[in-house]
Structures are given as C-alpha cells and as structure tokens.
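Chemist: Turn this into a structure:
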Amino acid sequence: MQQTKFFQFIAALFVTCLVVANIIAVKIGSFWGVFLPVAVVVFPITYIIGDILTEVYGYAAARRVIWTGFACNLVAVVAILIAIRVPSAPFFSNQSGFASILGFTPRLLVASFLAYLVGQFMNSLVMAKMKIKTNGKWLWTRTIGSTIVGEGLDSLIFITVAFSGVVPTAAIGSLILAQWIFKTLFEVIATPVTYAAVGFLKKSEGMDVYDRETNFSPIKL
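Modeler: Numbering: from 1, shown residues only. Next up is the predicted model:
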C-alpha cells in the first residue's frame, strides 16, 4: 500500500473502540426500555471504521487492521486476567469488585473473539464485493448492506455461543434481534458521517481501491 496520511490513525481508532467496547460490555444498559450491553454505543463504530478502511484503502488493508485489533484485544484480555490474579495489597479492598467487573469467563471470550472475526471479515468482504458490483456507486448500499450481514452474524454468534443453555431460547432470539437492529440503525444514522469521512480520505490520500484482483482469504496477512 502506498504512503498514507491517515491510515495509522484510523487503525488506532478502530483498535481503541474495539478494546473499550469489550471492557465496558459487562454493563447492561437500558436504551428506551430495551436492555443491551452498553458496548453498543461504541462497538458499531468499529463497523463504520471497517467500512471506511475497505472503501478507501481496500480489503487487504482492512484485513490487517482486523487482525491487529484481534491481537491487541487479546493482549488486553491477558493483561486484565494477570492483574486480577496478582495478590492485592492489604489496603486494597476492592478486589472482588475489580475481578467481577473486569473478569472474563472462557465461554464469553470464545464467543467474543469468534463473533468479532466472523462479523468484521464478512462486513469487509461484502463491502469490497458490492463496490465492484456497483462500480463504486451508491456508497450507502454498501455501508448498510455490509453492516446488516456483519453485525447480524456478530450478534447471532456472540449471543448464541455466550448464552445458549443459560437463558431461554426465546430470550436469545430477542437479544440477537435487538442488537442487530440497534447496530444497523447506528450505521444508518451515521451514514452522513461515513460519506464525509470517505470523501475526505479519498481526496487527501489520493486513493480509491477496487479489490478486483484481491485474495479475500481472511488468514492472508
């Protein structure tokens, strides 16, 4: 990829939103009577950034950022787990709360990592393929269409893996649908911002990549 002005900043913003979302996801918030992890206010931004990366820099660049995010999130998880297991100072009285809020169960970790990889790669893949099919026109169809697929798979995998056998099946379906709708609406509302960012970056970077000959394997680095 040619020299760029903003790619590193955008990649850093993606990773930051991802790590923060996974840390705050433990809290369940009430959004107009709908109960969802508060991470929904941050995590959808990673899909918007993923759309921007794919649209401007191409699938291969987005793929590197997705794997970078995975690695950085893994580092954060390991650091938190180590911090929980380090013996507390005698005057530190919040060990139980610290462990309760920041701790992860293996099942939730598997659900989170699997959902992230599948959702992000499908989002970027759909975005790149639709750009070729539309010859770069109708950006909104690509951003929303890719989000419907990516966020749908993310919600389906995470909720199913994390909560099957723990909560009633009907409740699982409701949780999946609620997250899917919320995240998709987030993308729709943010469409003007996405258009502005894409337009600015294409002009500033002098780039507008079409993935006509790209290897779309997610494991090619």
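Chemist: the bottom helix or strand of the protein by mean pLDDT?
Modeler: None of the helices or strands of the chain scores lower by mean pLDDT, DSSP states H and E than strand 34-37, at a mean of 80.
Chemist: Could you list the paired strands of that strand along with their orientation?
Modeler: Strand 34-37 sits in its sheet next to strand 28-31 (antiparallel), going by DSSP bridges.
Chemist: Contacts for the partner strand, please.
Modeler: Outside strand 28-31, the residues that touch it by C-beta atoms under 8 Å, 6 or more residues apart in numbering are 35-38, 40, 182. All C-beta atoms are positioned from the backbone trio N, CA, C, and that covers glycine.
Chemist: contacting residues for the spatially most central residue of the chain?
Modeler: The structure's the chain has its C-alpha centroid closest to residue 46; by C-alpha atoms, centre = their mean the separation is 4.3 Å. Going by C-beta under 8 Å, 6+ apart, residue 46 touches 14, 17-18, 21, 69, 120.
Chemist: So among those residues, where is pLDDT lowest?
Modeler: The pLDDT minimum for the contacts of residue 46 sits at residue 21, where the score is 90.
Chemist: Tabulate the contacts of strand 28-31 in JSON lines, adding columns for distance to residue 110 and neighbour count.
Modeler: Shown next, in JSON lines, are these (distance: C-beta to C-beta, whole Å; neighbours: other C-beta atoms under 10 Å):
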{"residue": "35", "distance to residue 110": "23", "neighbour count": "11"}
{"residue": "36", "distance to residue 110": "21", "neighbour count": "17"}
{"residue": "37", "distance to residue 110": "17", "neighbour count": "18"}
{"residue": "38", "distance to residue 110": "21", "neighbour count": "16"}
{"residue": "40", "distance to residue 110": "20", "neighbour count": "20"}
{"residue": "182", "distance to residue 110": "23", "neighbour count": "18"}
